[in-house]
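K.L.:
Okay, here's the prediction I keep looking at, along with the sequence it came from:
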Amino acid sequence: MDDLLREFLTETSESLDVVDVELVRFEQDPNNAKILDNIFRLVHTIKGTCGFLGLPRLEALAHAAETLMGKFRDGTAVTGEAVTLILSTIDRIKAILDELEQSQEEPAGEDRDLIDELERLALGAEAPPAASAASPPAAAPVAAAP
């Protein structure tokens, strides 16, 4: 295995372990800017390194999570749904990293499911566009309940 790839896998794995712990702390204390800044910095570093190493799938996932966290930094309210979605994204990144370590190539795959949801939350949408267009009266009360 290439030394650069090995170092990336080791450092990214360590960073993601920290992100997992910090996200749980952040969910409990969503106004803690220090925790958010630490998570954002780690994910930003992962994204940048993926871009440098030519790992577009990982880069896209990290970018979408980073964008949502950037909205939190700008004052968007943190929700349990958003933190859970970021945790799911971190889990997906870990799975891709496992495959990358085995094959030494980024696995093919589509992550639109997570990226679309991260983007939806980053845009502040209350419901996916298809659901709100299909049934506007029902979408508003459901979205307002949490």
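P.N.:
Cool, got the structure.
K.L.:
For the rest of this, base every contact and every neighbour count on C-alpha atoms.
P.N.:
Noted.
K.L.:
Would you state the helices of the protein in chain order?
P.N.:
Taking DSSP state H, the helices of the chain run over residues 3-28, 33-53, 56-73, 80-103, 112-123, 129-134, 136-144.
K.L.:
Of those, which stretch is the most buried?
P.N.:
helix 56-73 (a mean of 21; mean count of other CA atoms under 10 Å).
K.L.:
mind checking how far residue 110 is from residue 88?
P.N.:
Remark: distance between residue 110 and residue 88 (CA to CA, to the nearest Å) = 15 Å.
K.L.:
wait, I meant residue 59
P.N.:
From residue 59 over to residue 88 the distance is 15 Å, taken as CA to CA.
K.L.:
can you check residue 105 too?
P.N.:
Counting by CA to CA - residue 105 and residue 88 are separated by 22 Å.
K.L.:
State the distance from the residue nearest to residue 30 when sequence neighbours are not counted to residue 121.
P.N.:
Nearest non-adjacent residue to residue 30, counting by CA to CA, 6 or more residues apart in numbering: residue 78, 6.1 Å away. Applying CA to CA, the value for residue 78 to residue 121 is 10 Å.
K.L.:
Tell me who's in contact with the residue sitting nearest the centre point of the chain.
P.N.:
Nearest to the geometric centre of the chain sits residue 65, at 2.9 Å (CA atoms, centre = their mean). Counting by CA atoms under 8 Å, 6 or more residues apart in numbering, residue 65 touches 43, 86, 89, 115, 118.
K.L.:
do that again at 6 Å, thanks
P.N.:
Counting by CA atoms under 6 Å, 6 or more residues apart in numbering, residue 65 touches no other residue.
K.L.:
Check what pLDDT the residue lying closest to residue 36 once chain neighbours are set aside gets.
P.N.:
If the residues on either side of it in the chain are set aside, residue 36 comes closest to residue 26, at 6.8 Å by CA to CA, 6+ apart. pLDDT for residue 26: 91.
K.L.:
again, but for the one 4 residues further on
P.N.:
In the predicted model, residue 30 carries a pLDDT score of 87.
K.L.:
Neighbours of it, how many?
P.N.:
If you count neighbours by other CA atoms under 10 Å, residue 30 ends up with 18.
K.L.:
With residue 29 instead?
P.N.:
So residue 29, with other CA under 10 Å, has 13 neighbours.
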